[in-house]
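Chemist: Return atomic coordinates for the entry below.
(4 chains)
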Protein chains: 2
Amino acid sequence: MAHEKTRPRPTHAETAILQVLWERGPSTVREVHEVLSAQRAIGYTTVLKLLQIMHEKGLVRRDESQRSHRYQAVSSQRRTQQQLVSELLERAFGGSMRSLVMHALSSRKASPEDLAEIRGLLDELEGRRS
Amino acid sequence: MAHEKTRPRPTHAETAILQVLWERGPSTVREVHEVLSAQRAIGYTTVLKLLQIMHEKGLVRRDESQRSHRYQAVSSQRRTQQQLVSELLERAFGGSMRSLVMHALSSRKASPEDLAEIRGLLDELEGRRS
DNA sequence: CTTGATCTACGAAGATATTCGTAATTTGGC
DNA sequence: GCCAAATTACGAATATCTTCGTAGATCAAG
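Modeler: Now for the predicted structure:
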């Protein structure tokens, strides 16, 4: 089995860690802990344990060549986000993509650049040429 | 406290039930169970228990005037969806609304009506008059 | 080599979520 | 009134998630 088909959906705490790994790239437990503990109280060994569990689950890869192991996310941010959006779509929006997008757009102030890019994608989806 | 400020975020199983209540309106345990068990194996008393817990949490209201109690969602679908989107935004998208919208748009085929409505909202957000 | 700092491994406690069996209650039909 | 079917209440088992303490290994400094 060259390709893992079904990687488990990351939990809340796990997603927070993935967030850090995506931003920083391959990181040690200490580095991840420093970022997270700036956001909320969390023990060092808690982060360590979470990363170990994520490693078992196949959510992260581990480089053990150094004393301080380096962890990196297996799935790209893009792919994971896609998975989470799809899931939310089914779970709470009954598959209504429009509804989700409308909510997202309304939920936060968007920059002109954001809007322009979204508009561009809309154009594509509508099959507009030129 | 006339208004409950913080209603707990619904869990996975709970969201599935809310989904049914939003679609059907006030429903009995049996009715909810019929819908859910068509999707996956789940016992009648499991649904009952979940609805009882949701009632304790304040997620649903219960009409006990009939022998078969009727449950209905307390928060509107709209409001709950808003909450879940915001959470996902923080949790996995680092607050990048654009990213979320782009993913959502790409994840599913959208009807011309969907696209038109989204475009309309874009126009509003861009402050276009006319 | 010894010591203190740092790191991993591991177990386990506590919290939360999910599941369902059993018992007690109610009700409609006979 | 009695029974079968349907319903609620309740407790408990199981699973999953989150947390962290402790022990042991490793390493750098002196």
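Chemist: so what secondary structure elements neighbour the lengthiest helix in chain A?
Modeler: Ordering each helix of chain A by length in residues (DSSP state H) puts helix A:77-93 first. For helix A:77-93, the elements it packs on are helix A:12-24, helix A:97-107, helix B:12-24, helix B:77-93, helix B:97-106, judged by 3 or more Cβ pairs under 8 Å, 6 or more residues apart in numbering or on different chains; DSSP states H and E. C-beta: built from backbone N, CA, C; applies to glycine.
Chemist: Out of the ones you listed, which is closest to DNA strand D?
Modeler: When the helices and strands packed on helix A:77-93 are compared by Cβ to the nearest atom of the strand, helix A:12-24 sits nearest DNA strand D, at 3.5 Å.
Chemist: Buried ones in that closest one, by neighbour count?
Modeler: Within helix A:12-24, the residues scored as buried using 16 or more other Cβ atoms under 10 Å in any protein chain shown are A:14-22.
Chemist: how about TSV for these, with distance to DNA strand D added?
Modeler: Below are those laid out as TSV (distance: Cβ to the nearest atom of the strand, whole Å):
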residue	distance to DNA strand D
A:14	5
A:15	8
A:16	8
A:17	9
A:18	11
A:19	13
A:20	13
A:21	15
A:22	17
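Chemist: rewinding a little: ok now the longest helix of chain A, how far from the chain's centre?
Modeler: Relative to its chain's centre, helix A:77-93 lies at 10 Å (Cα atoms, centre = their mean, to the nearest Å).
Chemist: Buried residues in that helix, which are they?
Modeler: A:77, A:80-86, A:88-89, A:91-93.
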